[in-house]
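Colleague: fold the following.
(chains A, B and C)
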Amino acid sequence: MSRPTEIADVRRGRLALRSGVLIYAAVLVVLPLGALVQHGLVDGLAGLWRAATAPVAAQAILLTLWTATLMAVVNAFMGTLTAWALVRYEFTGRGLLSALVDLPFAIPTLVTGVMLVILLGPQSPLGGWLTALGVPVIFAPLAIVVALLFITVPFVVRAVEPVLLEQDPAEEEAARTLGAGTWTVFWRVLLPPLLPAILSGTIRSFARALGELGSVIVVSGNIPYRTLTAPIHIFGEIESGQPGGAAAVSVVLLALALLLAFAARGIERISGVHHA
Amino acid sequence: MGIRIEGLTKRFGDFLAVNNFSVRVEPGELVAFLGPSGSGKSTILRIVAGLDTADTGAVYFNGAPAGHLHPSARGVGFVFQHYALFRHMTVEENIAFGLRVQGAGRQRQAERVAELLGLMGLQGLGHRYPSQLSGGQRQRVALARALAPAPKVLLLDEPFGAVDAKVREELRHWLRKLHDEVHVTSIFVTHDQEEAFSVADKVMVIHQGRLEQSGTPDEILDHPKTEFVARFIGEANVYEATVQGREAWVGPLRIPVPGLPDGTRVSIVIRLYDLKFWRDDGGHATVVRMSTLGDRVKVEAEIDGAGRILSQFPRRSSLLQGIEPGCRIHIEVTLSRAYASEAAAEGPADLAPRLRAA
Amino acid sequence: MPKRARTRHLNIPQRAIVLAVAAYLGLLLVLPLGAMGVRALAEGPGTLLASLAQREALEGLLLTLIVAAICVVFNGIFGIAGALVLTRHRFLGRRVLDALVDLPLAVSPVMTGLAFLLIFGRGGWLASSLDLLGLKVTFAVPGLILATLFVTFPFTLREVAYVLEELGTDEDQAATTLGASPWQTFWLVTLPNIRFGLGYGIVLTLARALGEFGAVLVVGGAISGRTQTATTFIYNALEERQEPAAYSMALVLALVSVALLVAIEWLKRRRGRE
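Modeller: Numbering: from 1, shown residues only, chains lettered A, B, ... in the order given. Model (predicted):
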């Protein structure tokens, strides 16, 4: 490459780089999503509504929503607690525990499903014990919640950690010297700055859960009206040659996921949170 | 190599950072751009280097236009406030970088590196990484690195801002010594007056993107051309008054203001060392406070009906004999400057002067 | 702000918290992993290896590796380029690009597969052009590659962009003033400085590509011998009630993931230390 001496030459090079990147992004990301949206809306918003409110589809969407909500609530609490312990305490195995939190990012979701089926399935000791107790886990909605909890472990933890790390110990000490007890210090001084991070992390985990397929398809049994989630429903529609219905429900899910991502981004931006 | 800057203007959004700025720097001169933060001095420097572009105006190196050239083609050495050393390269590799990217052979690189390590007192540190050096050492490496490819111009952006006071003094000494040996045309940007006056041949005071005054340190100190220069350089007492009969009054103090018509609103600037006083029970001011600043003493007094006045003297000055807080004194202003105020007064002239310490 | 020191001597409530967290993570994450290890090895390591040595299994693994490698290369290069453009260029539409990068994260894999089917499949946008050129994308390897490129798009870009932001441009500007051309600056200064962030992004890309399931299932059809990746092999094996084969492959993938996890943690640490 010959050496550019003029600013104009370098500007041209930069423009070329920029164009290359934009073209790649347009072809790889915008094109497919465009096709999806176009197909989903081929019968207009009315058609979309019809496809989404068809009995199986509607139930699937509702199931997806409530299992994700349950997961989100548990995750918000346990994720915050985990971040708290990892950042503020020192104990043997802390590093290992921290590494463990990242496991769901590394493991294929299908493998997660297989692991959970092995652990909770009817043949396993735990599965047998649960069935004896009358607690339906495998091939029941609870299995979906467990699978979702597994894959979303990192979200809240990694969102809260940086905020905890940035907290100034002086604030806490000041509160104590002014006479505040442990609970008050936590509730009024330490928790408030964490709330935006907890919220955005939870929203992100919720959005992630909406689209989960690999783990859920194995553990839920895919029973329509009972354990058939929206992504699995979409899959089913594709398999049975109904890409239109599949695209419609996809558009609904996509719109919801984008809205949530936008909300999470907005919260992060306002509260000045850093990328984990 | 001489530098000529003509009519440089730059806006960042609504903010006018550089405002029709023009100067000349003669070949071999060591010039300081002195000004408060936000005055645009760093922006101007970066435009000269090519790291930023101006909206209008031109930069010439030895008479040839340089504005269209990429920074890599301008032959400019640049020293950053926070060193910007290549963290993954050793000191030697850092210094050799300019030569390396321009195609010099290994032998030549090694020679030049050795030369500069010697010149900057960095012998023995060649194999270290920047993280293993002190602040002063890092900045010397940055200087060596900038000089290695024998640039025609050396630009330094607040080069000593990131180190402590003692190290700063040493670095100033290095810079001066360096310039005496190498004679490369240099511009350095600073907000530190002491630094500008002790190192540079010529000082250019910059404010709000404009050149306020350009001259030798003595010229600037003793003959400030604008109100900003008078107030910015050193510490000063500032009062507002209106000219009447070629003079203005700061309470009981008479200030001659030749050459300005009656009714002109003026800012009167009195340097802290440009007045004297003596103990006088019938005097017109009272000493309020005296504070010791090491080798100097600051005296704060209240002029009857005119507000506070500050002055500063060496610790052993005879003027301080018998002066103590609460005593009455008579003040005499030995040198003052009056500048017509930019804002015109509306309504009745305000004859009560207000103290604005610099 | 001063960093607080971690509390070393924990009182009872604090110990309880640590125990609760360890129990939660242990039961949720480690127990399933352990259960699978036990079950997969229950038949004996011999049977394990035998099911893996089957042609189908090996082909699946190979295909997964090839697709993953291609994704690492392409999204690695465009990730670096994209990160540079996002952090160091000012242009109309920068916000749009920024939002675009995160889109694949919001899309369910099955929707990704559907999208590519709609473009390249029967009756799709490019169906006729493809027929003309004699190219097969859906139910063929190119489709797998495209789908996996889509889902792994953000990772390298985001990680490199993060590191670039933290680094700032001072060193690059210094290199420029010293006479380095833009390419020299990139190669000699920028690239060495981003290597740990880049490595981190690449490992994340690898992990995601290895684990991709929904999209490759839909676009590829999991046709044995042609478009069956390691993950779809597991799925097909489960459907055909061949649990041992499925579990063995799952174990292999899990072990690879743990290895990647170790790499992730190491790179995170190195990236943080720079």
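
Colleague: what residue in the stretch 151-300 of chain B comes nearest to chain A?
Modeller: With CB to the nearest CB as the measure, B:Lys152 is the residue of the stretch 151-300 of chain B nearest to chain A, at 15.1 Å. All C-beta spots, glycine's among them, are computed from the backbone N, C-alpha and C.

Colleague: what about the residue lying closest to that residue once chain neighbours are set aside, which SS state?
Modeller: The shortest distance from B:Lys152 to any non-neighbouring residue, by CB to CB, 6 or more residues apart in numbering or on different chains, is to B:Met1 (4.0 Å). Counting by DSSP: H, G, I helix; E, B strand; the rest coil, the backbone at B:Met1 sits in coil.

Colleague: please apply the same query to B:Ser186.
Modeller: strand.

Colleague: list the contacts of residue 91.
Modeller: Picking chain A for this. A:85, C:10, C:18 (CB atoms under 8 Å, 6 or more residues apart in numbering or on different chains).

Colleague: hm, I was asking about chain C
Modeller: Counted by CB under 8 Å, 6+ apart, C:Phe91 has contacts A:Arg18.

Colleague: count of residues packed around the residue of the stretch 51-200 of chain B found nearest chain A?
Modeller: Of all residues in the stretch 51-200 of chain B, B:Ala73 sits closest to chain A, at 3.9 Å by CB to the nearest CB. Neighbours of B:Ala73 under the rule other CB atoms under 10 Å in any protein chain shown: 20.

Colleague: identify the residue spatially nearest to it, adjacent ones excluded.
Modeller: Nearest non-adjacent residue to B:Ala73 (CB to CB, 6+ apart): A:Thr5, at 3.9 Å.

Colleague: pretty sure the one you found contacts B:Ala66?
Modeller: No: if you go by CB atoms under 8 Å, A:Thr5 and B:Ala66 don't touch, sitting 11.0 Å apart.

Colleague: what about those two, which has more around it?
Modeller: B:Ala66 (20 against 15).

Colleague: can you tell me how far the more buried one is from C:Arg39?
Modeller: Separation of B:Ala66 from C:Arg39 (CB to CB, to the nearest Å): 73 Å.

Colleague: what do you get for B:Leu69?
Modeller: On the measure of CB to CB, B:Leu69 and C:Arg39 end up 69 Å apart.

Colleague: more neighbours, those two?
Modeller: Set B:Leu69 next to C:Arg39 and count neighbours by other CB under 10 Å: C:Arg39 wins out with 22 against 19.

Colleague: you'd agree the more buried one is up against A:Leu116?
Modeller: No: with contact defined as CB under 8 Å, C:Arg39 does not reach A:Leu116; the gap is 12.0 Å.

Colleague: quick one, helices of the stretch 1-150 of chain B?
Modeller: In the stretch 1-150 of chain B, the segments counted as helices under DSSP state H, counting those that start in this stretch are B:41-49, B:91-101, B:106-119, B:135-147.

Colleague: and the residue in the stretch 51-200 of chain C that chain A sits nearest to, what pLDDT?
Modeller: Proximity of the stretch 51-200 of chain C to chain A (CB to the nearest CB) peaks at C:Ser108, 2.7 Å away. At C:Ser108, the model reports a pLDDT of 93.

Colleague: can you pull out the helices in the stretch 1-150 of chain C?
Modeller: Under DSSP H, counting those that start in this stretch, the stretch 1-150 of chain C gives helices at C:12-25, C:31-42, C:45-53, C:55-88, C:94-106, C:109-120, C:127-133, C:141-167.

Colleague: most packed of those helices?
Modeller: helix C:109-120 (a mean of 28; mean count of other CB atoms under 10 Å in any protein chain shown).

Colleague: just the CA atoms of that helix, as CSV, please.
Modeller: Output in CSV follows, covering the C-alpha atoms of helix C:109-120 (Å, rounded to 0.1, in the frame of the first residue of the first chain):
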residue,chain,number,x,y,z
PRO,C,109,-32.2,-18.5,16.6
VAL,C,110,-35.3,-20.0,15.1
MET,C,111,-36.3,-16.6,13.7
THR,C,112,-32.8,-16.2,12.2
GLY,C,113,-33.2,-19.5,10.4
LEU,C,114,-36.6,-18.5,9.2
ALA,C,115,-35.2,-15.2,7.9
PHE,C,116,-32.5,-16.9,5.8
LEU,C,117,-35.1,-19.4,4.5
LEU,C,118,-37.2,-16.6,3.4
ILE,C,119,-34.4,-15.1,1.4
PHE,C,120,-32.7,-18.2,0.0
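
Colleague: what does the stretch 101-250 of chain C have sitting close to chain B?
Modeller: Applying CB under 8 Å from any CB of the partner chain, we find that the stretch 101-250 of chain C lies next to chain B at C:170-171, C:173-181, C:184, C:188-189, C:192-193.

Colleague: got a ChimeraX select line for the buried ones in those?
Modeller: Buried members of those, defined by 16 or more other CB atoms under 10 Å in any protein chain shown, are picked up in ChimeraX with:
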select /C:171,173,174,175,176,177,178,179,180,181,184,188,189,193
